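Participant: how would this look folded up:
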Amino acid sequence: ASFSPSRTGLVMSLLPLVSLFCGPLSGWIADRRGAVPVAGAAALFMAAGALCFAFSGLSFSLPLTLSGLALFGLGLGFFFPANVSFVMGRAPSGSEGALSAVLNAAQSTSGAAGVAVFSGIYSARLSSFPQEGAAASLSAFAACGWAGMFCALAALAFTWASARRMRV
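Facilitator: Numbering: from 1, shown residues only. Below is the predicted model of the structure:
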């Protein structure tokens, strides 16, 4: 399916819009129910969204792509506020500013690294096809979806492991 630039922009805006509206709700829920359950659920939403990308890459499906964008945006919108709440809630008194700076640097660095890694996955998969075209692009998109699902599940495991370690 070929989209105009404006239609592509509208489709792609779904992820940040969903994320934008979920952030305040995530903070509110994390304050009342705890950050770990919220971050864990968020990681599952991101994994489900990435799985939609993986399957959408097999044969382009706009509904599946929109579902993936919405689920991934939901996951991002819920994960980051809960993660910040979890980390900052464990900051020793008087070191909140320094910890906030470290957290910000880690988020910025991981965002940049994510772009590099997923660009590499996409390019490697794309270059494995003898000809460029829709099939090659969809296959590369699917590979990124599988990798994204793995990363989201790793975030889930790390969240739960960190919470268990803090309880001990």
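Participant: buried set for stretch 132-145?
Facilitator: Neighbour-count burial for stretch 132-145, counted by 16 or more other Cβ atoms under 10 Å, picks out 136, 137, 138, 139, 140, 141, 142, 143, 144, 145. C-betas here are computed from N, CA, C, even on glycine.
Participant: tell me the one of these nearest residue 99?
Facilitator: The closest of those to residue 99 turns out to be residue 144 (Cβ to Cβ; 31.9 Å).
Participant: contacts only, for the closest one.
Facilitator: 53, 57, 118, 121, 122, 125 (Cβ atoms under 8 Å, 6 or more residues apart in numbering).
Participant: residues near residue 15, how many?
Facilitator: By the criterion of other Cβ atoms under 10 Å, residue 15 has 21 neighbours.
Participant: residue 27 touches residue 83, doesn't it?
Facilitator: No - judged on Cβ atoms under 8 Å, residue 27 makes no contact with residue 83 at a distance of 10.8 Å.
Participant: more neighbours: which of these two?
Facilitator: Shown here are residue 27 and residue 83; by other Cβ under 10 Å, residue 83 has more neighbours (23 against 18).
Participant: state the pLDDT value of that one.
Facilitator: Per-residue pLDDT puts residue 83 at 87.
Participant: does the closest residue in space to it that isn't next to it in sequence sit in a helix or strand, and which one?
Facilitator: Distances taken as Cβ to Cβ, 6 or more residues apart in numbering put residue 39 closest to residue 83, at 5.5 Å, once the chain neighbours are dropped. Element membership for residue 39 (DSSP states H and E) is helix 35-56.
Participant: which residues touch residue 27?
Facilitator: Counting by Cβ under 8 Å, 6+ apart, residue 27 makes contact with 81, 82, 85.
Participant: check the burial of the last one by counting its neighbours.
Facilitator: By the measure other Cβ under 10 Å, the count of residues near residue 85 is 20.
Participant: just the element for it, please.
Facilitator: Going by DSSP H and E, residue 85 is in helix 62-88.
Participant: tilt between that helix and helix 35-56?
Facilitator: 150 degrees (axes from the mean of the first three to the mean of the last three Cα atoms, to 10 degrees).
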